[in-house]
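Engineer: Below are the sequence and a predicted model; questions follow.
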Amino acid sequence: MNTTADLSAALRRYWGYDAFRPLQEKIVRSLVGGHDTCVIMPTGGGKSLCYQLPAAMASAKTFIVISPLLALMQDQVAQLGQMGIAAAFVNSTLAEREQSAVIQRAREGQLRLLYLSPERLARPDTIEWLRRIPISHFVIDEAHCISEWGHEFRPEYRKLSGLRDHFPGCTIAAFTASATRPVRHDIVEQLRLRNPHKYIASFYRPNLRYIVKECDSRAQKELLVGVLRRDAGGSVIVYSPTIRRVDETVAFLEDEGIPALPYHGKMDSAARRSNQERWMSGEVRVLVGTVAFGLGINKADVRAVIHLSLPKSVEQYYQEAGRAGRDGQPADCLLLWQKRDVGLLTHFIQQIADFREKDRAWQRYHVVRSFVDAPVCRHRQICQHFGEAVKWESCGACDACGCGLQSLELRSAQERPGRKTPPARHDSPAAAPRREGSGTEGAVAGESELFDRLRQWRRDTAKEQGVPAFVVLHDTTLEAICNKRPRSLGELREVRGIGEVKAERYGRQILEVVTGGD
């Protein structure tokens, strides 16, 4: 049986963390105990660790992770490899010979995690070779996709209901960041979870400021430029409704002297990957993309997410806006919409052939219109949409509660004077730890010569290995190194985000960078 000490040791060894985030340890214990589990945890809450840590501790057993995006699989496998956790994927990017090699490793019990797409799992030959693998758990990521009531229903996910028949002895765990109460019930029913342990984190994100404003095209452009020029620190995601608008927005920002990168489906995969990596590594602050961008993105210092059109649903908006402020520091979520967005959304809905799906799309449309039109606390509306009861009426951190565009301070980590913070609940992230001091450590580190040298070292190292820079080390870890300035491997191991394998692999190099500038 795994004790608290065992879990803490694994957390420190692989992730370099000294403590779990809210709910993480309980979820880990459920999976370690072999219980079916359903987890609803907002973006940035640390869902992946909840199943990766039990998998890392498993002996000669494999967790099968069902993930919808090939690029996301590749990134997660690369990150796990950097931590010393044996993981692999089987998908169309691998040659047949490479796929066979991965499957053979899995049969021999050498892999702790194996990633597959729902389409791959639906193939009869996949079921056959999976039967010869020592499987411990099935993990369904983005589990809301299984529900017709969800905002991203995918028919191939529906076929996952057969897992219980094919593998009756395996535990099934479902994870998602955005699921309303009907969707949660549908996930449990479709996956046929057996007496599942359910964990639903609070949907309240106290460090996010929601600002919704209807504007015309000219005002939208002026506001966009004004926000991006207000402060040069941190990263920004700008969501545009169409590929054409993405390209137009990038060109407009470039004309205004604001470097920006595009990301959309008509770019070839290498170009998309390159732009994502340049943005992730901080080479360019602003990325303008369609909704195709962002799934699985783990970047802590996103200071603003700006939507240039109405989202299709509150769930979609919450998920996308939630990519801001993952470091717990204040960040802004701006929804700058135009009347013409209504025509675009209704046009897309009219194209839906299935009557039931069209009806659900209209329901989502009316809910999102109510969200932007009602002069009611945005935080409160979001929490109630997901079925969370809140007792407070005003948050002080949205436009409906007095926090307008004129008060934006993208890099300020200070609470706005007079801001009323809703009372913390036992299951609320309101009491999440913040960095000590004035809250400017990240900005100072980002401007320091040492931080720049560390980022250059990381960029060079990632290029040599053919992996994204964030896979080597996250920005938050680089900042922690700058703050601590370790002089020995022992001191480096005390830095949050430096696990044993990374200390062994990169320790000497990092220390050379740290001491080289003194």
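Structural biologist: Structure's in. What do you need?

Engineer: thinking S92 is in contact with M73, fair?
Structural biologist: No. S92 lies out of contact with M73 (CB atoms under 8 Å); the separation is 11.1 Å. Where C-beta positions appear, they are placed from N, C-alpha and C, glycine not excepted.

Engineer: Give the residue from these two that has the larger number of neighbours.
Structural biologist: M73 (25 against 10; other CB atoms under 10 Å).

Engineer: How about residues contacting whichever helix or strand the more buried one is part of?
Structural biologist: Secondary structure from DSSP states H and E places M73 in helix 70-83. The contact list for helix 70-83, computed with CB atoms under 8 Å, 6 or more residues apart in numbering, reads 14-15, 48, 52, 56, 65, 67, 86-89, 91-93, 112-113, 115, 117, 269, 273, 295-296, 467-468, 471-472, 499, 501-502, 505.

Engineer: I'd like the list of those that fall within helices, please.
Structural biologist: S48, Q52, A56, S269, R273, V471, V472, V501, K502, R505 (DSSP state H).

Engineer: Any quick PyMOL command for the buried ones out of those?
Structural biologist: To isolate the buried members of these in PyMOL, using 16 or more other CB atoms under 10 Å:
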select buried, resi 48+52+56+273+471+472+501+502+505
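
Engineer: Let me know the closest of the ones in helices among the contacts of helix 70-83 to D125.
Structural biologist: S269 (25.6 Å; CB to CB).

Engineer: tell me, how many neighbours does the residue nearest to the closest one when sequence neighbours are not counted end up with?
Structural biologist: In this structure, S269 finds its nearest non-sequential neighbour in A71, 7.9 Å apart by CB to CB, 6 or more residues apart in numbering. Residue neighbour count, defined by other CB under 10 Å, stands at 16 for A71.

Engineer: A292 versus A71, what's the distance?
Structural biologist: 10 Å (CB to CB, to the nearest Å).

Engineer: what's the answer for I258, then?
Structural biologist: Relative to A292, I258 is positioned 22 Å away (CB to CB).

Engineer: Neighbour count: the two, which is higher?
Structural biologist: Neighbour count, other CB under 10 Å: between I258 and A292, I258 has more, with 18 against 14.

Engineer: My guess is the more buried one contacts R230. True?
Structural biologist: No. Counting by CB under 8 Å, I258 does not reach R230; the two are 11.5 Å apart.

Engineer: Any stretches of this structure with poor pLDDT?
Structural biologist: Counting by pLDDT under 70, the chain has low-confidence residues at 1-2, 231-232, 295-296, 406-447, 517-518.

Engineer: Break it into its domains for me.
Structural biologist: Following automatic domain parsing, one gets these domains for the chain: 4-200, 208-426, 441-516.

Engineer: distance between the longest one and the chain's centre?
Structural biologist: To tie it back to what came earlier, the one meant is domain 208-426. Centroid separation for domain 208-426 versus its chain: 14 Å, with CA atoms, centre = their mean, to the nearest Å.

Engineer: cool, stretch 116-134 as well?
Structural biologist: 26 Å.

Engineer: Equivalent analysis for stretch 75-84, please.
Structural biologist: For stretch 75-84 - counting by CA atoms, centre = their mean - the centre lies 16 Å from the chain centre.

Engineer: Buried residues, that stretch. List them.
Structural biologist: For stretch 75-84, by 16+ other CB under 10 Å, it's D75, Q76, V77, A78, Q79, L80, G81, Q82, M83.

Engineer: how near is the fourth one to G507?
Structural biologist: When you say that, I think you mean A78. From A78 to G507 the distance is 20 Å (CB to CB).

Engineer: go on, the third one?
Structural biologist: Taking CB to CB as the measure, V77 falls 23 Å from G507.

Engineer: Over to the first one?
Structural biologist: D75 is 23 Å from G507, where distance means CB to CB.

Engineer: The residue lying closest to L261 once chain neighbours are set aside is in what secondary structure piece?
Structural biologist: Using CB to CB, 6+ apart and skipping residues adjacent in sequence, the residue nearest L261 is N275, 4.3 Å away. Under the criterion of DSSP H and E, N275 resides in helix 269-280.
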